[in-house]
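1. Starting from these lines, generate the structure:
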Amino acid sequence: MPKRARSRKKQDNSERPLSYAIDGESVYGQVIQPLGGSRFEVNCADSITRIAKVAGRMHKRVWIHKHDFVLVSLRESEPKKGDIIVKYFPPEVKVLRESNLIPANFMYDDLSNDNIEFDNI
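-> So this is what the prediction gives:
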């Protein structure tokens, strides 16, 4: 057992540049559900549901959950598949919504109870 654990990198709180979708190359999407093996089912802005894999540079560095907004890079050979290249954080999603880049049909889940009814005991 090691005597001393290594220290982790400290998180940089500076703003990162906002990545935008490029027509024909990438599209905005919202994660529907994780499938395992770094793959996710993503509802894309062009109304196509794709199977997207997390890019290798993001693997084990960025954690993606259900209802997260992502940027999906499209594959030329497989139109139903893609690669997740950016995960958007809530302040970035707000900026994209205000500039009408994310469609209104995407639902933003604010930690709601997912229609769970609680009974009084």
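2. can you confirm Glu92 is in a strand?
-> No. Counting by DSSP: H, G, I helix; E, B strand; the rest coil, one finds Glu92 to be helix, located in no strand.
3. And the pLDDT for the residue nearest to it when sequence neighbours are not counted?
-> Leaving aside its chain neighbours, Glu92 sits nearest to Leu18 (5.8 Å; criterion: C-beta to C-beta, 6 or more residues apart in numbering). Quick note: C-beta positions are derived from backbone N, CA and C, even for glycine. Listed pLDDT for Leu18 reads 90.
4. contacting residues for Leu18?
-> When the contact criterion is C-beta atoms under 8 Å, 6 or more residues apart in numbering, the partners of Leu18 are Glu92, Val95, Leu96.
5. What is the helix or strand of the chain with the lowest mean pLDDT packed up against?
-> Counting by mean pLDDT, DSSP states H and E, the chain has its least confident helix or strand at helix 90-98, which shows a mean of 90. Other helices and strands packing on helix 90-98, by 3 or more C-beta pairs under 8 Å, 6 or more residues apart in numbering; DSSP states H and E, are strand 69-74.
6. as a whole number, average confidence for the longest strand that the chain contains?
-> Identified as the longest strand of the chain according to DSSP state E is strand 26-36. Strand 26-36 carries an average pLDDT of 95.
7. How far off centre is that strand?
-> 6 Å (C-alpha atoms, centre = their mean, to the nearest Å).
8. In its sheet, which strands sit next to that strand, and in what direction?
-> Take DSSP bridges as the rule and strand 26-36 pairs in its sheet with strand 39-44 (antiparallel), strand 69-74 (antiparallel).
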